[in-house]
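Q: This is a predicted model, with the sequence first.
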Amino acid sequence: MSDAILVVNAGSSSIKFKLYDVVGGALALVFGGAIGGIGGMPTLRVTDGNGDSLTERRFEAAAVPDASAAQHHLAEWLLEHLGGREIVAVGHRVVHGGPDFAEPVRVDDAVLRRLESFIPLAPLHQLSNLDPIRVLRQRRPDLPQVACFDTAFHRGHPELSDRFALPRHLYDEGVRRYGFHGLSYEYVAGRLREVAPEVAGARVVIAHLGSGASLCALREGRSQEATMGFTALDGLPMGTRSGGLDPGVVLHLIEHKGMAPAEVGHMLYHESGLLGLSGLSNDVRALLASDRPEAAMALDFFCRRAAQAVAGCAVTLGGLDALVFTAGIGENAPEIRRRIVAALDWAGLILRNDSDGTGMARLDAPGSRAQVWVIPTDEELMIAKHTMRLLGRTAPGAGA
Ligand code: ADP
């Protein structure tokens, strides 16, 4: 039997997973996939470590009505495909570590109760993230489980970055700027340290631009400020989320348009952002391909807000030594990168022309006042590394 680590990222309509072999102190991806469309049109798709398809299976809607049925199918599939491996630990993505958790943590009953107390801070996500942890603890109490948080990377923020301009008691009650995408920032900051050690310790802004989007200002590899705040709604406009908004708009919708808070929530999370602005799509690929003026306006809005946020981060940092793009849009949409950097040319940022490749690349032209990079993110690998470290299998930072 060889040892393997399972990484689970359980959401409300999908469960993503990856399995890694533990080879000495390193990690090697065996397979990864997702069971999606839970409660709708469920499918299980898995690819091997080279990205080749291993399984593509559709289920009857009634066969996977909820997350616990999805967990059951996933467990069955995993047991059939372990191939002589033993899962020695499971690492979970957990959206909220509240004000306490600045590091990943091995889960016991007390930790689980504490994490459940953060459900009101991120109702949909936190509940879905914790469900498989609870179920696994009941079935396999001895199997080590590690919770890795989207918020933990930001917990060292100075108080100035953590506060809203609201009455003080709300801060003490947990109404703070937690920041998210922390596992992505931690991974990308680690890669930057490897490829550009001369700037990794300096003033860096990482732009995680995916269907969720945020920016992080880092000094010496540590988060100083993030554009997402109390929830994953704040900051940049996203695929379907509004991003930062005049709070008076929310009051108007409730008080004068008679919308229920849940309706407003649905609108802000699912009908806004690029989709709301364009009325066409939440997908940058579709908007770039469209010749409709609404599509162009939505992309202009996104790029301007992103560039403004980079400038805001640079103020926090007192300058900028490197700008790094990552996640679905950041990694794959050179046109969006070009527009964001073009809006920062007053700050001396200049892109090379040949920024159309995929994968990691340095993109700034000679004479640019800051480096510009694209660095693909890998949140699951970050979780696997943390899990291995908490098992005592490797030194921090070592691994795949
Ligand atoms: P998440 O993991 O948060 O679901 P991703 O980081 O995978 O999101 O980003 C998904 C988004 O990335 C898509 O909605 C799409 O807008 C954008 N995207 C992916 N590929 C491309 C591409 N080739 N060109 C432009 N945008 C892309």
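A: Perfect, I can see it now.
Q: Below-threshold pLDDT in the chain: ranges please.
A: Along the chain, the parts satisfying pLDDT under 70 run over 354-357, 394-400.
Q: so who does the residue nearest to the spatial centre of the chain touch?
A: Among the residues of the chain, residue 181 comes closest to the average C-alpha position under CA atoms, centre = their mean, at 3.7 Å. By CB atoms under 8 Å, 6 or more residues apart in numbering, the residues touching residue 181 are 150, 208, 212, 214, 216, 226, 228. Yep, even glycine has a C-beta here, placed from its N, CA and C like the rest.
Q: quick one, longest helix in the chain?
A: Assignment by DSSP state H gives helix 293-317 as the longest helix of the chain.
Q: Give me the helices and strands touching the helix or strand following that one, please.
A: Counting by DSSP states H and E, the element after helix 293-317 in chain order, helix or strand, is strand 322-326. Based on contacts counted as 3 or more CB pairs under 8 Å, 6 or more residues apart in numbering; DSSP states H and E, the elements that strand 322-326 packs against are helix 182-195, strand 203-209, strand 371-374.
Q: that older thread, tell me the one of the contacts of residue 181 nearest the ligand?
A: Using CB to the nearest ligand atom, residue 212 is the member of the contacts of residue 181 that lies nearest the ligand, at 4.8 Å.
Q: quick one: that closest one from residue 247, how far?
A: Counting by CB to CB, to the nearest Å, the gap between residue 212 and residue 247 amounts to 21 Å.
Q: The two: which is more packed in?
A: When residue 212 and residue 247 are compared on other CB atoms under 10 Å, the one with more neighbours turns out to be residue 212, at 22 against 9.
Q: OK, contacts around the more buried one?
A: Contact partners of residue 212, counting by CB under 8 Å, 6+ apart, are 180-181, 232, 238-239, 241.
Q: What parts of the stretch 101-250 of the chain come near the ligand?
A: Near the ligand, the residues belonging to the stretch 101-250 of the chain are 210-212, 239 when assessed by CB under 6 Å from any ligand atom.
Q: The nearest residue to residue 271 once chain neighbours are set aside: helix or strand, and which one exactly?
A: For residue 271, ignoring the flanking residues on the chain, the nearest one in space by CB to CB, 6 or more residues apart in numbering is residue 240 at 6.4 Å. When secondary structure is defined using DSSP H and E, no element contains residue 240, which sits outside every helix and strand.
Q: Repeat that for residue 8.
A: Per DSSP H and E, residue 8 falls inside strand 2-10.
Q: quick one: that strand to chain centroid distance?
A: Taking the mean of its C-alpha atoms, strand 2-10 sits 18 Å from the chain's own mean (CA atoms, centre = their mean, to the nearest Å).
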